[in-house]
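Chemist: pasting the sequence and the predicted coordinates here, then a few questions.
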Amino acid sequence: MRQSLLGAALLWLGLIAAPEAALAQQGSITGVVTDEATGDPLEAARVVLVGSNRIEATTREGRYNFRNVGPGNYQVRALRLGYNPETDSAAVAPGETVALDFALAPSPVQLDEIVTTATGQQSRLEIGNSVSTIDAARVAEEAPITEFGNLLTGRAAGVQVLKSSGATGTGSKIRIRGSNSVSLSNEPLYYVDGVRIDATADGYAYNIGGQSTSRINDLNPDDIENIEIVKGPSAATLYGIQAANGVVLITTKRGAAGRSRWNVFVEQGAVEDNNTYRTNYFGRSDDLDFDPTCTLLNVAEGDCVQSRVDAYNPLNDPAQRPLQAGHRHQYGVNVAGGGDAATYYVSAEYEGEVGVYRLRGFDLDSVRDATFGNIPAEQLRPNELDKLTLRANGNARLSSNADLQLSLGYLTSQLHLPENDNTLNSVIGSGDGAGVPQDNNRGWFLIPAEIYAERNRQGIGRFTGGLTANWRPMGWLSTRATFGYDVTNRQDTQFWPTGEVSAVAYPLQNLGEINITRAQTSQLSLDLFTAASYKVSSAWSGRTAVGGQFFRNLTTNSFAQGRGLSRGSESIFGAATTDASDDYIESRSAGGFVDQQMSWQNRLFLTVGLRLDDNSAFGQNFNTRPLPKLSASWVARDQPAAGVLNTFRLRAAYGQSTQQPGSIDALRFYAQAAVRKDAASASGVSFANLGNVDLKPELSQEIETGFDAGLFQNRVTLEATFFYKQTRDALIEREIVPSLGATGNQFFNLGQVSNQGIELRLDSRIIDLPDFAWDLTVSGSLSRNRLNELGEGVEPITLGFIQRHVENYPLGGIWDRPILSFDDANGNSIIEPGEYLVGDTAVFRGSALPTRELGVRTGFSFFRNLLGLVALFDYRGGHWVENSTDSFRCNGGVIYCRGLVDPTAPLDLQANAAAATYGDDAGVTEWGFFEPGWFIKLRELSLTFNAPDRLARAVGASRASLTLSGRNLWTVDDYSGIDPEVNGFGQGREGGSNFAATDFFSQPQVRHWVARLNFGF
């Protein structure tokens, strides 16, 4: 026993002593990186020890230092955004320090930069797949960024941000290279400083129309340094399960060695809805039996004679419009600094935004009288967001070969939402879906005071923390361990005050009701990684990396309800009836990978990798499957100063990734049920979920090829990528055969989905003079989505009324019976039933999601950057939108759409309305309300004044700037509704909203005007 202990102790001491002895033989490479034109030091430049995974960031004095470098010859490469990279060589002898300085020439665009991968930070030239990079820190300073999704919009080819609603606090769907899954989420994974976080796209417990929140908007854009987007399985293999939809890597700001630098900003702005809403038409007749609506069909059949047609909508009536400009305000402070041993970044920010909904006119007066002037703030302004974010990041150098990185973020927020989108019981639905102006509701279905009395709240408390330890026991060997924890505590409340909401729309809730859901979602992650870099020959070098990850996702929910509340009460206790429930959902996954890269003369890079994963959601009969990765990158030309073509790189990549089933989809479990036995009641069980022991993850595989080119001394760069992605074993729900003794549906791996497309990006500095500069960035994509297989014997899946999953067509495609022709046969200028012809079967109209997208950013700099002007245009097209709002206005009850009431309406409008309302022997069709969804928007426009140094010093600052900006300022489209960029079903999965493209009483996108004042100290 003593010998064993002695042996173990000697082995442990040997493991420590060996690296220390080796370190004594190591050398170092140090130097300064400067601007070639001015000689000023360059902070935050990245210096790469080529052929290894070692990267150093320069300090504010431009210094870098590679410690513990083994003897030998090395290539060192310096890179910084806005400069041409430079490479130089260094020969290191044992114990020697080599000085190697770099003077970088300014360059408006560049092809090479440091990007984050699953195997650490690498030069972009080394990887065979495309990665979109967004300089979030710059964007947040120059543009009106109100939420995280704004950072992505129009800035990355193949990435679509599909905003659901214009209401403050609502979320977006984000799609990267299309939709892969029929039944599962199509949202990407998100990492913040190496920590996997919750980014649930549908984050509210109750049905308040179609709108919902998104947890990704909990992130503070002002704390983000940059965003890197890994677009598909060809690049995401090593990120493991759930990475098939792409990965978004977010890096927050960190400090640099030097004196403390303070930044303070103040932001004020307005939120506007200046839209003109649809007109309601009322056919008037002297025959009171047809008051208020005498339709064109009534006229054609001789039932009434229109004496006049009234046109009205209370949403457009200045005396009644319950929409008024809201307000936005934001205040933030951060400080960064440190020394050689430790650096830090600390920030605090408060954000508040009041949406466009407000009690006005008669409704305001009536509530004021009823409450004796004490109008509840939530009823006066029912859409408001208040958010406080805190962040503390730190780096500590423990020794010459070890360091720690700490990343901590905290958020607390309160959100109020009115009933809105996809409901008649909202101010937009009640105005667009109204009755008669002269009735008791003044043209509303429900009056705004009743709608705004419903109070919907969401409170969030969220902590995200990560700790990364880096250890380099040898100059050629590095290890990394990252522990992460992301926990969100959420309370959703839905409250109907007794006697204040409509007894017609909410007969039970009018008696008083409160629902409270408390949920906690936590994600724990552990990431271990080791990489070894080595020389094979004078031309070839290699790097071998191995890693492993563990993830645990846990969600708990508790629900309580109270009905029959005393007037003035908001407590479940004392309610006439109460109810409660809870649930617990957990999933775990573990996996590992090996990755091998070989490089030849720093020009050809070949990579092969393999990953294995296991997950608690897999069926018990399924074992793990290996996921391969292959990539190649060849730098065919790298001469920044020569000719027209300066840099040219070819690249290709192939990879596989998976997406797990739902946490309980594979499990069989039971529910308690009452049964009859011997004419008496007894307790029994029934199937709650039949499960599937053979259930597998969905498998996505992708191949992409492309090239990067630098032209005209790298003043123009062009990136082009082609991709083809296929998902096999897609989960499809099939109805359970009744003979099995169960009802409902069961998941099977039956489907196959494909996506393919082309992505392009062009960056250019068109003019570069001291007093005037003009740069242009264009990024866009063309894509095609197909459901290749649905499964043998599986009928097309219908989503709602008009969207379907059909083999050989896009997922969620728009379908209905077409209107083939129409003709005013009797010449009375009215299209009646029988005067239009509708097809017998439904046909495909178009994709529900955009197949074309283009972002154009142009920037101008004047008077040595004293003034800056930036504009971002956003185009999307190739898809169709269902104008369900206008369809409902024709056939949803009281008829008030123009096509059925106004005799001056064009005949095609009449035919569309009649076919949707009266139909034919086979029923009605929505075909006439499918419209092209394309649009061009002036998404952002900003003007920045950078104060001269003397002016900044006059107020005690080292720098100061003022930015005036606007968002959603101008739109061009062919849509007859207000805004094609809405989705009445929100961004969740229910009701097919994973694919929904329906405008149904949806809040249009609002306009933001923002003024931001920044000071640096």
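Modeler: Nice, thanks for sending it over.

Chemist: tell me, what residue is most central in the protein?
Modeler: Most central in the chain under C-alpha atoms, centre = their mean is Ile174, positioned 4.0 Å from the mean C-alpha point.

Chemist: and that one, what are its bridge partners?
Modeler: Val161 (DSSP bridges).

Chemist: was I right about it contacting Val159?
Modeler: Yes - when contacts are counted by C-beta atoms under 8 Å, Ile174 is listed as touching Val159 (7.1 Å). All C-beta atoms are positioned from the backbone trio N, CA, C, and that covers glycine.

Chemist: who touches both of the two?
Modeler: Residues touching both Ile174 and Val159 (C-beta atoms under 8 Å, 6 or more residues apart in numbering) are Leu152.

Chemist: number of residues surrounding Ala730?
Modeler: By other C-beta atoms under 10 Å, the residues close to Ala730 number 27.

Chemist: surely it touches Asn749?
Modeler: Yes - counting by C-beta under 8 Å, Ala730 touches Asn749, with 7.1 Å between them.

Chemist: what residues are shared contacts of the two?
Modeler: Contact with both Ala730 and Asn749 is made by residues Glu698, according to C-beta under 8 Å, 6+ apart.

Chemist: I'd like the average pLDDT over the helix or strand containing Asn968.
Modeler: In the assignment (DSSP states H and E), Asn968 maps to strand 959-973. Looking at strand 959-973 alone, the average pLDDT works out to 96.

Chemist: what's the following helix or strand after it?
Modeler: Strand 959-973 is succeeded, C-terminally, by strand 1007-1016 (DSSP H and E).

Chemist: can you give me the buried ones in stretch 702-715?
Modeler: Neighbour-count burial for stretch 702-715, counted by 16 or more other C-beta atoms under 10 Å, picks out 702-706, 708-711, 713-715.

Chemist: just stretch 895-908 next, same as before
Modeler: 895-902, 905, 907.

Chemist: cool, and stretch 62-77?
Modeler: So for stretch 62-77, counting by 16+ other C-beta under 10 Å, buried means 62-64, 66-70, 74-77.

Chemist: the residue lying closest to Asp317 once chain neighbours are set aside: which element?
Modeler: Distance criterion C-beta to C-beta, 6 or more residues apart in numbering; nearest residue to Asp317, sequence neighbours excluded, is Gly443 at 7.5 Å. Using DSSP H and E, Gly443 maps to neither a helix nor a strand.

Chemist: test my guess that Gly443 contacts Gly431.
Modeler: Yes - look at Gly443 against Gly431 with C-beta under 8 Å: they come within range, at 7.4 Å.

Chemist: neighbour count: the two, which is higher?
Modeler: Of the pair Gly443 and Gly431, Gly431 is the one with more neighbours under other C-beta under 10 Å, namely 27 against 21.

Chemist: show me the contacts for the closest residue to the more buried one other than its chain neighbours.
Modeler: Excluding the flanking residues, the one nearest Gly431 by C-beta to C-beta, 6+ apart is Leu315, at 3.7 Å. Residues near Leu315 by C-beta under 8 Å, 6+ apart: 277, 321-323, 427-428, 431-432.

Chemist: where does the stretch 251-400 of the chain dip in pLDDT?
Modeler: In the predicted model of the stretch 251-400 of the chain, residues 288-292 satisfy pLDDT under 70.

Chemist: from the contacts of Leu315, which is closest to Gln561?
Modeler: Proximity of the contacts of Leu315 to Gln561 (C-beta to C-beta) peaks at Val427, which lies at 26.0 Å.

Chemist: return the distance of the closest one relative to Tyr357.
Modeler: 7 Å (C-beta to C-beta, to the nearest Å).

Chemist: now for this protein, the helix or strand with the poorest mean pLDDT.
Modeler: helix 2-24 (a mean of 44; mean pLDDT, DSSP states H and E).

Chemist: which two of the buried residues of stretch 702-715 have the greatest separation?
Modeler: Counting by C-beta to C-beta, the most remote pair of the buried residues of stretch 702-715 is Glu702 and Gln713, 34.3 Å apart.

Chemist: tell me the contacts of Gln756?
Modeler: Per C-beta under 8 Å, 6+ apart, neighbours of Gln756: 722-725, 783-784.

Chemist: so which of those are in helices?
Modeler: Of those, none are assigned to helices by DSSP state H.

Chemist: of those residues, which belong to strands?
Modeler: Mapping these onto strands (DSSP state E) picks out 722-725, 783-784.

Chemist: and which of the contacts of Gln756 is nearest to Thr153?
Modeler: Nearest to Thr153 among the contacts of Gln756, counting by C-beta to C-beta, is Ser783 at 17.0 Å.

Chemist: is the closest residue to the closest one other than its chain neighbours in a helix, a strand, or coil?
Modeler: Closest residue in space to Ser783, ignoring its immediate chain neighbours: Gly757 at 3.3 Å, by C-beta to C-beta, 6+ apart. Three-state call for Gly757 (DSSP: H, G, I helix; E, B strand; the rest coil): strand.
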